[in-house]
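Colleague: Dropping the sequence and predicted coords here.
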Amino acid sequence: MSSIHRAESFPANTPAASQIFTTVLSHGPLTRLEVARRAGLSPAAVTKAVRPLIEAGYLVEDVDADARPTLGRPANPVRVDGGRALFIGVKVTGDEIIGVLTDLCCRIRVARHAPLADLEPKGVLASVAELAGELLAEAGDLGVPVLGLGIAVSGDVDRGAGVVRYSPFLEWRDVPLAELAAATTGLPVTVDNDVRALTVAEQWFGAGVGLSDFAVVTVGAGIGCGLVVHGRVVAGAHGVAGEIGHVTVDPAGPPCHCGNRGCVEAIAGDAAIVRRIRETTGVEVADTAEAAALAHRGNAGAREAYARAGEAIGRGIATVANLLGPERVIISGEGLAAYDLFAEQIRDALAAAAFGSAAQCDVQTRPLPFEEWARGAAATAIQSFIRADDQRQSR
């Protein structure tokens, strides 16, 4: 596999130094004093941490030639040199894999799609390795090292162990994906749940920048939720925190693949909406595109299915709002293509089921293509590279 990649350690070997770097990564350029204020650290600690990061080329000091010289610590802003390193992110779906090559600031340089005919782990690994090889070749042309690979998969993923415990769409159980992918590609590999990976990208580079508490809710084939609490993406003790898709909102509702009835996903997932429309209208819609088109033409049964889905999603979001009180809820996922069909029901159900001021959380929609989910996978690789305490902090 032709590439430029090598083992390299990030020169910030303490949690405080990593925090300083991520503060500049998300908010920079910043002066050292601004970094200290945002990170809640002393100016001396910031100065000590910044020096080796500048020497290693990860931070750059922007010198203002016109600025008047001052006594004490430099007032010049520092920023991350995005071109210092590259990372690969891969999102695995049920029928394709999407790969991106990003810089250290998680800006996409190259994106690739590849069909996925074989869902067995061996077949998926072969496809991931081939796609990673193409992206490594692109990195070789740029002359910049690739320092990590992130893989995002739906389902129950133990990031610390690098194991996919259960992925219903791939029908995987206990697959040591990180170990297998590292052996195949030769890169350090981080494996995480796809919604949590997207949440990392939103926290550091997107609509969650600067927020201590927020949630990302994804609608589409499944209903997912990523949680940030006190500035940390939460996985929980067993790696399944945020599974609002399996919150029961109608005990007498349809059966869910998880074994329960009336889960949000069993009502609002793509397959559930299509199934409901077929049952109530007799129209054999093939997929969500046909389902949404039927609803947009005014078919009562189709519109009812989407309204029912919106109510379920709104109740799921209300559960998150009541338990955690997030400042913002970001709704994303491929299901947003039909958002106009159930947006009102989401708002109404949230207002009805949220307790008190929990209903005041800012709800935003963020239509994100699958390249952005792959970017989320790259963000987890960046996070693993720069945070020595990463596995502990995500629990």
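Modeller: Happy to help now that I have it.
Colleague: Just give me how far stretch 298-318 sits from the chain centre.
Modeller: Relative to the chain's own centre, stretch 298-318 is displaced by 25 Å; criterion: CA atoms, centre = their mean, to the nearest Å.
Colleague: can you give me the helices for the stretch 1-150 of the chain?
Modeller: Taking DSSP state H, counting those that start in this stretch as the test, the helices found in the stretch 1-150 of the chain are 15-27, 32-39, 43-55, 121-142.
Colleague: Distance to Val80 for those - can I get that in TSV?
Modeller: Just so you know, the C-beta spots here come from the backbone N, C-alpha and C atoms, and that holds for glycine as well. Listed next are the helices of the stretch 1-150 of the chain as TSV, based on distance: least, CB to CB, whole Å:
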stretch	distance to Val80
helix 15-27	5
helix 32-39	12
helix 43-55	9
helix 121-142	17
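Colleague: Nearest residue to Ala132 in space, please, no chain neighbours.
Modeller: Excluding its sequence neighbours, the residue lying closest to Ala132 (CB to CB, 6 or more residues apart in numbering) is Thr185, at 4.9 Å.
Colleague: could you check the distance from that neighbour over to Leu125?
Modeller: 9 Å (CB to CB, to the nearest Å).
Colleague: Looking at these two, which has the bigger crowd around it?
Modeller: A direct count of neighbours by other CB atoms under 10 Å for Thr185 and Leu125 places Thr185 higher, at 24 against 19.
Colleague: what distance separates the start and the end of stretch 199-216?
Modeller: Chord length of stretch 199-216, first to last residue, is 6 Å (CA to CA, to the nearest Å).
Colleague: Show the low-confidence segments of the stretch 1-150 of the chain, by residue range.
Modeller: For the stretch 1-150 of the chain, the stretches flagged by pLDDT under 70 are 1-7, 64-74.
Colleague: Try it again at 90.
Modeller: Applying pLDDT under 90 to the stretch 1-150 of the chain flags residues 1-17, 28, 62-76, 94-95, 117, 141-143.
Colleague: for this structure, longest helix please?
Modeller: In terms of residue count, the longest helix belonging to the chain (DSSP state H) is helix 300-324.
Colleague: Rounded mean pLDDT for that helix, please.
Modeller: Helix 300-324 shows a mean pLDDT of 96.
Colleague: what's the following helix or strand after it?
Modeller: strand 328-332 (DSSP states H and E).
Colleague: Note down every partner strand of that next one and its orientation.
Modeller: Each strand paired with strand 328-332, and its direction, by DSSP bridges: strand 214-219 (parallel), strand 362-365 (parallel).
Colleague: so how far is that strand off the chain centroid?
Modeller: So, by CA atoms, centre = their mean, the centroid of strand 328-332 is 12 Å from its chain's centroid.
Colleague: after it, next one along is what?
Modeller: Past strand 328-332, the next helix or strand by DSSP H and E is helix 343-353.
Colleague: Alright, I will stop here.
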